[in-house]
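Trainee: Dropping a prediction and its sequence here:
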Amino acid sequence: MEDMKSIYLTLVLAPLLGSIIAGLFRNQVGKAGAHWVTIIGVGISFLLSAYVFWQHVMNGAPVFNENLYTWMVVDGLEMHVGFLVDNLTAMMITVVTFVSLMVHIYTIGYMAHEDGYQRFFSYISLFTFSMLMLVMSNNFLQLFFGWEAVGLVSYLLIGFYFKKETAIFANMKAFLVNRVGDFGFILGIAAVAMYFNSLDYAQVFGAAPDKAGETISIWGDSQWSLMTVICILLFIGAMGKSAQMPLHVWLPDSMEGPTPISALIHAATMVTAGIFMVARMSPLFELSETALSFVLIIGATTAFFMGLIGIVQNDIKRVVAYSTLSQLGYMVAALGASAYAAGLFHLMTHAFFKALLFLAAGSVIIGMHHDQDIRNMGGLRKYMKITWITALLGSLALIGFPGFSGFFSKDAIIEAVGYSQIAGSSYAHWLLVAGVFVTALYSFRMYFLVFHGKGPRDDHAKEHLKESPAVVTVPLILLAIPSVFVGWFAIEPMLFGDFFKGVLHVASAHDTLGEIGKTYTDQIGFISHGVMMLPFWLAMAGLAVAWYVYLMKPSIAQSVRSRFDWLYKLLDRKYGFDEFNQAVFAGGSLFAGKFLWNIGDKTVIDGIAVNGSARSVGVLAQVVRWVQSGYLYHYAIAMILGLLGLLFWFVVR
């Protein structure tokens, strides 16, 4: 056990050490030293993660749950730093470190000529450390530390180009929106500490069934279910981190950061933290159908309506960003349907093909000399064959083409939601089904416009088009492999086997995956069943429509846009969320600030407290000045009058 503790500590601290060296000693180690020290650190973490995965999943190693040290004890509430390593942790750390390693290697080529090279490597390595601390925590305090740490590093990375106003606006937007979610999250943790007198997962989960019927009074005489309040507060935190409506507005703007960090944020770290947290908290969420229904409706709404926005985007990175929003919605919907394993399965497959798509988009951006408008592209398959093939594989995985990893995970989610009986499940099911068509449409709209057609309009761009260097394409190939195959190997143990046994808790009345498992035979049978269902045909219809409208008859797209200009404007404005936030929250904050400045600061503080006090002292001084005449007989008269006054007081009293 001591050997495993050393492995876990090394696994977590290796990226932190690389980050410190690359950041604080960047001048001493130089550019090459910065990328080597961070890649070695993350590489060590990946190798150790693979070993941990093998030991826990393949060899059945016992669950590790141990506190490393006690930070403080306050009125009996113990606050520890410790690790919980089970199959869920093993899967998460392997995915995080593998994707992070690919991003680190890719960054050498993408950021080769950028300023702040060492700083960027320091940040992304610190990002990896933060996510590892989050997923390996065995208590709410450490979870919150990792939660805030990934938020901090995302703020630094989104605003990496700190001289660009749009980048500074985007990172501040991400910071503020996540503070809204984190306010709910910390209230949920505070409620856990208050009612359970513990922040340790095992103790809280063990005591949760006894608290299932307990109610609390928040205001007035109304009673609220304790578990519902805790779960919804925790999920509000997940809504911020995992960008669920209406706290989704920061994620598309995170594209202001360099492409490698877009891949890391969207695929393996920050946005998946909320999915992981809700799954880890399944013993709590299973005790509140109200909370599950809330999660389900929010997830399905995000999945469909964010996907629609992707259809009208022309920035290659923003198309993939809205795809992330939509796919996160699918994961959250699975959690709401108690299909936690399906949500985590999709988290894993999505991490691979979404990182692949982002890095392929970055390769295209390199080839196009940082032109990101897909309307200026076309025909790139002739010049960038590796990028083309890997992007095609990633797109097929995204739309759930039969046999690809995304097919197994997305179909499982849709079927699980279809079996769910909680409130809102029918609404959620049909939105998820319709979202399949939308996903295929925006995915292959981007694919056809970028890789097919006549080619770039700029002849100069054509002359210099070529495949990206190996340091960029090798990570694409390595990510394409699990994007295609990992679903084949993972579906049976993760969804219908014992992979998450003892980790995820599902009430018998909510066991939607169990209903799917009754008819599951093998992968071929799952595919055969899937191709007979509506989602498959909707995906093929979306692909066909994208091919015909955007490749064969582009005039149709223009005609549809003209006819439905109101809808195009609605989607292009992102349903007006940004305008609403600017007017109500930003405008309201500015108004409140000016009001408090004029009334509170200028009138009360300056006018009364500070300047008023000074003026009062001045007036008093003017009065007292007449008393201090310097003549002895004036002082004698004052003393006699004072003495007479005291005598009069005692006599009258």
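Mentor: Perfect, thanks for sending it.

Trainee: need the contact list for Gly453.
Mentor: Each residue near Gly453 by C-beta atoms under 8 Å, 6 or more residues apart in numbering is listed here: 377-379, 551. In this view, the C-beta of every residue, glycine as well, is placed from N, C-alpha and C.

Trainee: Just the buried positions in the strand or helix carrying Met133, please.
Mentor: If you go by DSSP states H and E, Met133 is part of helix 117-136. Within helix 117-136, the residues that count as buried by 16 or more other C-beta atoms under 10 Å are 117-136.

Trainee: what packs against that helix?
Mentor: Other helices and strands packing on helix 117-136, by 3 or more C-beta pairs under 8 Å, 6 or more residues apart in numbering; DSSP states H and E, are helix 2-24, helix 26-53, strand 77-85, helix 87-110, helix 140-158, helix 259-267, helix 270-280.

Trainee: For the ones you listed, give me JSON lines that also has mean pLDDT.
Mentor: Written out in JSON lines, the entries for the helices and strands packed on helix 117-136 read as follows (pLDDT from 0 to 100):
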{"stretch": "helix 2-24", "mean pLDDT": "91"}
{"stretch": "helix 26-53", "mean pLDDT": "92"}
{"stretch": "strand 77-85", "mean pLDDT": "90"}
{"stretch": "helix 87-110", "mean pLDDT": "93"}
{"stretch": "helix 140-158", "mean pLDDT": "91"}
{"stretch": "helix 259-267", "mean pLDDT": "84"}
{"stretch": "helix 270-280", "mean pLDDT": "91"}
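
Trainee: any chance of those in a markdown table, with mean neighbour count and distance to Pro493 too?
Mentor: Supplementary listing: those in a markdown table, determined by neighbours: other C-beta atoms under 10 Å; distance: least, C-beta to C-beta, whole Å:
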| stretch | mean neighbour count | distance to Pro493 |
| --- | --- | --- |
| helix 2-24 | 18 | 22 |
| helix 26-53 | 19 | 12 |
| strand 77-85 | 19 | 18 |
| helix 87-110 | 25 | 9 |
| helix 140-158 | 22 | 26 |
| helix 259-267 | 29 | 22 |
| helix 270-280 | 26 | 16 |
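
Trainee: Can I get these in CSV including distance to Ala238?
Mentor: Compiled in CSV, the helices and strands packed on helix 117-136 are given as follows (distance: least, C-beta to C-beta, whole Å):
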stretch, distance to Ala238
helix 2-24, 23
helix 26-53, 24
strand 77-85, 19
helix 87-110, 15
helix 140-158, 10
helix 259-267, 15
helix 270-280, 3
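
Trainee: wait, which of these is closest to Pro469?
Mentor: If you check each of the helices and strands packed on helix 117-136 against Pro469 by C-beta to C-beta, helix 87-110 wins as the nearest, at 5.0 Å.

Trainee: burial measure for Leu571, as a count.
Mentor: A count of nearby residues for Leu571, using other C-beta atoms under 10 Å, gives 18.

Trainee: average pLDDT for the helix or strand hosting it?
Mentor: Assignment of secondary structure by DSSP H and E places Leu571 within helix 565-572. Here the mean pLDDT over helix 565-572 is 86, rounded to a whole number.
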